[in-house]
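# model the following, please.
(chains A and B)
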Amino acid sequence: MKESGVGLALIISILLASVLQLVPVSGYLIVLKPNFLLLVVIGWIIFRPSQWGIGFAAFTGLLADLIFRAPIGVHVLLFSTVGAIPLYLSGWLVYFSLIHRCLFVFILIIFAEFMRNMLLSMWEIPIDYSYIIVVALASAIVWPAIDQLLIKVNRKR
Amino acid sequence: MAAHSYTDWFDPIENFFDNALLPAHWLATVPARLSVWSELILSDRSDLEVENTRLKQESLIHRGQIQRMADLAAENLRLRLLLNATELLMDSVLVTEVIGVSPSRNSHTLFIDRGTEDNVYIGQPILDAEGLMGQVIEVFEDHSVALLITDSTHAIPVQTLRNGMRSIAEGTSDYDRLRLRFVSPTADIREGDQLVSSGLGGRFPVGYPVGSVINIEHKSGASFIEVEITPAAKIDRSKHLLLVFTSEDGGEVGPSQ
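Here you go, the predicted structure:
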């Protein structure tokens, strides 16, 4: 796929993740909903680390702040910090098997949710840490779809 | 983050983005609307006739109840006048539809399809068929943002129906739970007590159902008891809501249409 095609794929993936993030769910499903934007950022950083790094993660974080109506900067900081980890490990991560990448995402989302909760607690928003494992598990379940899509996009280069 | 917390520099950006996000909200609710549409298309004519008959019967029952309510309201008005009560609230409502919800677990807000064009104002109470849902916090030309009573930053003055005990119900970031603040261990409150808005503070009208007490916990050594409430409104399920227009002079204030 040409570079312009990759750019288009990136924009579509971010838009799709934003729409998925906004899909209304009720009851306990709301705690099962993964952070699709963060997963897409992680995916692009793993498979295109030379092109999409911290700046891209910070910009998507800003988008997440506006979508989540969170204090501006919370998701910028969160996405940049979390994005730095796969960026640092991307040399290894691309050679991992899918199941190992799922495990990596599971651990990364636990870290991300802890950090997000700590940041939100600065605004005295009540935080429930019991959801963290559930969100991480849901993210790890969703991950193979994002992983395989991004692999296909990057193979077409 | 500090700039956002202590200044309003980012307000124009947020307002612009709220408007820009409307198509995304529309797209996000397509599956739900498709589900409703498919139910309608696939339902049998006889089922629709049965439902129509049931709705007509319900409408008749409700009309009867409203007549009784009107009589009670008139009696209440006379008694209030006798007591020289100054604040008489008459409400009119406008139906609105939910067009989006906040994707965050920690922020309980809704987007509704009415704005300044319909005379919606900040602080306006919102109801569903069962009880109070929240209040409008931002108004745009053709849509508004409402804060739900379950949001952790929201609090509403309430009173129990049984004995009129006043308290404040605050959100917990859980769609099924509110809690009462500063309730004395000796307060006369029981599980099952119904709570309605008390009208104190002047933001919410008096008498709309807020919820019912489901759990009371006495902690030894604590100055106050923990009282949990389940909201009367279907906070995370209701699609059609009512915007309440209130006036304090007893006259009816309605939307422009």
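# any weak-confidence spans in the chain?
Defaulting to chain A. Per-residue confidence for chain A (pLDDT under 70) gives these ranges: A:1-3, A:27, A:126, A:156-157.
# that's the other chain; I wanted chain B
In chain B, residues with pLDDT under 70: B:68, B:83-91, B:247-257.
# which bits of it sit near chain A?
B:1, B:3-5, B:10, B:13-14, B:17, B:21, B:24-25, B:27-29, B:31-32, B:98, B:100-107, B:109, B:152-153, B:172-173, B:175, B:236-237 (C-beta under 8 Å from any C-beta of the partner chain). C-beta: built from backbone N, CA, C; applies to glycine.
# mind listing what's buried in stretch A:82-89?
Buried residues in stretch A:82-89, counted by 16 or more other C-beta atoms under 10 Å in any protein chain shown: A:82-83, A:85-87, A:89.
# I'd like the distance between B:L34 and chain A.
Going from B:L34 to chain A by C-beta to the nearest C-beta, to the nearest Å gives 12 Å.
# tell me how many other residues crowd that residue.
For B:L34, the neighbour count with other C-beta atoms under 10 Å in any protein chain shown is 10.
# show me the contact partners of the helix or strand containing it.
In the assignment (DSSP states H and E), B:L34 maps to helix B:30-42. The contact list for helix B:30-42, computed with C-beta atoms under 8 Å, 6 or more residues apart in numbering or on different chains, reads A:23-24.
# still on that earlier bit, which one of the buried residues of stretch A:82-89 sits closest to B:P209?
A:V82 (42.7 Å; C-beta to C-beta).
# the stretch 101-250 of chain B: strands as residue ranges?
Using DSSP state E, counting those that start in this stretch, the strands of the stretch 101-250 of chain B run over residues B:109-112, B:125-127, B:132-139, B:144-148, B:155-160, B:166-171, B:178-183, B:194-197, B:209-217, B:225-231, B:240-247.
# buried ones from the residues of chain B next to chain A, can you make that a PyMOL selection?
To isolate the buried ones among those in PyMOL, judged by 16+ other C-beta under 10 Å, type:
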select buried, chain B and resi 1+4+10+14+17+21+24+25+27+28+29+98+100+101+102+103+104+105+106+107+109+152+153+172+173+175+236
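# so who does B:V196 touch?
Contacts of B:V196 (C-beta under 8 Å, 6+ apart): B:158-159, B:161, B:206-210.
# which among the buried residues of stretch A:82-89 gets closest to A:C102?
Distances from A:C102 to those, taken by C-beta to C-beta, are shortest for A:P86, at 13.3 Å.
# what is the neighbour count of B:A20?
Residues near B:A20, counting by other C-beta under 10 Å: 10.
# need phi/psi at it.
phi -70, psi -20 (degrees, to the nearest 10).
# I'd like to know which of the contacts of B:V196 are buried.
If we count by 16+ other C-beta under 10 Å, these have these buried: B:158-159, B:206, B:208-210.
# closest one of the residues you listed to B:D113?
Out of the buried ones among the contacts of B:V196, the member with the shortest distance to B:D113 (by C-beta to C-beta) is B:Y208, at 21.8 Å.
# how about B:D128, nearest residue that isn't a chain neighbour?
B:S238 (3.7 Å; C-beta to C-beta, 6 or more residues apart in numbering or on different chains).
# show me where chain A has strands.
Ranges of strands within chain A: none, based on DSSP state E.
# near chain B, which residues of it?
A:15, A:18-24, A:26-27, A:30-31, A:33, A:66-74, A:77, A:120, A:122-128, A:131.
# again, only using 7 Å
Contacts of chain A with chain B, taken as C-beta under 7 Å from any C-beta of the partner chain, map to A:18-19, A:21-24, A:26-27, A:30-31, A:66-74, A:120, A:125-126.
# which of these are buried, as a PyMOL select command?
In PyMOL syntax, the buried subset of the residues of chain A next to chain B is picked out as below (16+ other C-beta under 10 Å):
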select buried, chain A and resi 18+19+21+22+23+24+30+31+66+67+68+69+70+71+72+73+74+120+125
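# out of the residues of chain A next to chain B, list just those in helices.
Those of the residues of chain A next to chain B mapping onto helices are A:18-19, A:21-22, A:30-31, A:66-68, A:74, A:120, per DSSP state H.
# skipping adjacent residues, who's closest to B:S102 in space?
Going by C-beta to C-beta, 6+ apart, B:S102 has B:T109 as its nearest residue, at 4.3 Å.
# meant to ask about B:V145, not that
B:E138 is the one closest to B:V145 (C-beta to C-beta, 6+ apart), at 4.1 Å.
# and A:G43, what does it touch?
With contacts defined as C-beta atoms under 7 Å, 6 or more residues apart in numbering or on different chains, A:G43 is in contact with A:146-147, A:150.
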